[in-house]
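Trainee: pasting a predicted model and its sequence here:
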Amino acid sequence: MKTRVSISALVLSSLIFSGCGSGGTSVSEESFVAGDGVVTFVAKENRSLAPDINGESLLGEKTFIEKEKITVINVWASWCSPCRAEAPSLQAISEKYPVTQFIGILTRDSKDSALAFTRRFDITYPTIADDKILLGFRNSLPVTSIPTTIILDKNRKVAARISGAITIASLSNLIEKINNESAK
């Protein structure tokens, strides 16, 4: 009986973790939750201040939110298939909107793997490896999947979130919408 319970528990845990992963071999990869690209927008009067986001980037640069800039925060990991899929689009959008600040937040990954990822996709904006930053979003729009992209308005308030991979259209529309409300 004891063996049957152990085998049942093993099969059940395998089924649970196989549903979350994308077929990789990493334990981290098998236990992440992928989003579905759902966009959440927060009305200006209901926004909360974002947590303090600063630290040393993967390349050793001091990184922080610049004042009076829309900021796009992308939470990613090199082992995450949707992160790899969206990386070229994020880089293209960062070039399309040079006055918008982009910051990556690496989660559950190694620095070496992350550096290889940024070289592979020619990512030019900085990435900070600090999971504690993610906890600061729990009272506004928490990070519920990998990747998640959070957009801050010019007052450093949480304006929007995309849970899952971005599209050029979805992120561009949010940047434009937030930028236009700032102009009013």
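Mentor: Right, received. Where do you want to start? Numbering: from 1, shown residues only.
Trainee: so residue 51 makes contact with residue 139?
Mentor: No. Judged on CB atoms under 8 Å, residue 51 makes no contact with residue 139 at a distance of 9.3 Å. For every residue, glycine as well, the C-beta is placed using N, CA and C.
Trainee: more neighbours: which of these two?
Mentor: residue 51 (19 against 11; other CB atoms under 10 Å).
Trainee: bridging residues for the residue nearest the centre of the chain?
Mentor: The residue lying closest to the centre of the chain (CA atoms, centre = their mean) is residue 75, at 2.0 Å. Beta-bridge partners for residue 75, by DSSP bridges, are residue 105, residue 148.
Trainee: any idea how the protein splits into domains?
Mentor: Segmentation of the chain into domains, based on automatic domain parsing, reads 1-31, 32-183.
Trainee: avg pLDDT for the shortest one?
Mentor: Think domain 1-31. Here domain 1-31 scores 36 as its mean pLDDT.
Trainee: tell me the SS of the closest residue to residue 153 other than its chain neighbours?
Mentor: What sits nearest to residue 153 in space, not counting adjacent residues and going by CB to CB, 6 or more residues apart in numbering, is residue 159, at 4.5 Å. Following DSSP: H, G, I helix; E, B strand; the rest coil, residue 159 is assigned to strand.
Trainee: noted, bye for now.
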